[in-house]
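Everything below, folded, please.
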Amino acid sequence: MTTMTGLGELTGDYVLDTTRTRIGFVARHTMATRVRGHFDAFEGGAYLDGDDPSKSSVRLTIQANSIRTRKRQRDGYLRGKFLDTDRHPAITFASTEVRQAGEAAYQVTGNLTMRGVTRPVTVDFELTRAEKDRHGTVRAGFRGRVTIDRNDWGVNWNAATTVLVSPEVMLELDVTAVRRS
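Predicted structure coming up:
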């Protein structure tokens, strides 16, 4: 592997490497615990412009029923009562703006759609690695996070869950993207 040094070397179309990407979340449950989970099925891509990051774009589609928290009963509640995956099978994100916020830091603003509700969010990303493998394939790694209020998307079950589960959910993205062109 050869480490790449200039952002200009990253320009091109990318697809997510789903075997090396993790899309997860953390939510506080009652006062003392946190629930961590992730999604198993997703696809996405990006156009990266290393010389002018504002010309970059990102898209992501998550299969909502692929949610996993390591507890089958909770996963069932999340699929049915919270995310209503029968009626809303996908969670999507499409960028509307990319802004460089530091040498390797970016803010990606876009529309997050969940349960049929679309709201803007800004995800803070950091470029964690950029390399070319022995076959010449360029891989870029990014780590991102954003905290959302799940109630803004109608992700709630009943009055008890409003008290027991914090409305704030941190979305965590550890992404590897592979350049296709």
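
rest of the way, CA atoms for contacts and neighbours
Noted.

How about the contacts made by D149?
Going by C-alpha atoms under 8 Å, 6 or more residues apart in numbering, D149 touches P167, E168, V169.

try V26
Counting by C-alpha under 8 Å, 6+ apart, V26 touches R34, V35, R36, G37, V169, M170, L171, E172.

Need phi/psi at it.
Per-residue torsions, V26: phi -140, psi 130 (degrees, to the nearest 10).

Give me the nearest residue to it, chain neighbours excluded.
Leaving aside its chain neighbours, V26 sits nearest to R36 (4.6 Å; criterion: C-alpha to C-alpha, 6 or more residues apart in numbering).

Which strand or helix spans the one you found?
strand 33-39 (DSSP states H and E).

So what touches that strand?
By C-alpha under 8 Å, 6+ apart, the list of residues contacting strand 33-39 reads 22-29, 62-64, 66-70.

who wins for most neighbours among the residues you listed?
A64 (24 neighbours; other C-alpha atoms under 10 Å).

so where do the helices sit in this protein?
Under the criterion DSSP state H, helices of the chain are mapped to 72-77, 159-164.

lowest-confidence stretch among those helices?
For the helices of the chain, mean pLDDT drops lowest on helix 159-164, to a mean of 52.

rewinding a little: closest one to V15 out of the contacts of V26, please.
Distance to V15, by C-alpha to C-alpha, is smallest for E172 among the contacts of V26, at 18.3 Å.

now that closest one: how far from F39?
As judged by C-alpha to C-alpha, to the nearest Å, E172 and F39 stand 11 Å apart.

now swap in S56 and tell me
25 Å.

So the two - more neighbours on which side?
Each of S56 and F39 has its neighbours counted (other C-alpha under 10 Å); S56 has more, 21 against 17.

what's the pLDDT at the nearest residue to that one once chain neighbours are set aside?
Distances taken as C-alpha to C-alpha, 6+ apart put L48 closest to S56, at 4.7 Å, once the chain neighbours are dropped. L48 carries a pLDDT value of 96.

tell me the contacts of L48?
L10, T11, G12, D13, Y14, K55, S56, S57.

Over to G80?
Counted by C-alpha under 8 Å, 6+ apart, G80 has contacts D86.

Check it and give its pLDDT.
92.

who's R28 bridged to?
Beta bridges link R28 to R34, judged by DSSP bridges.

What is the burial count for the residue nearest to V26?
Neighbours around R36, by other C-alpha under 10 Å: 16.

got the buried residues for the strand holding R36?
R36, G37, H38, F39 (16 or more other C-alpha atoms under 10 Å).

what's the answer for stretch 105-116, then?
Those would be A105, Y106, Q107, V108, T109, G110, N111, L112, T113, M114, R115, G116, for stretch 105-116 by 16+ other C-alpha under 10 Å.
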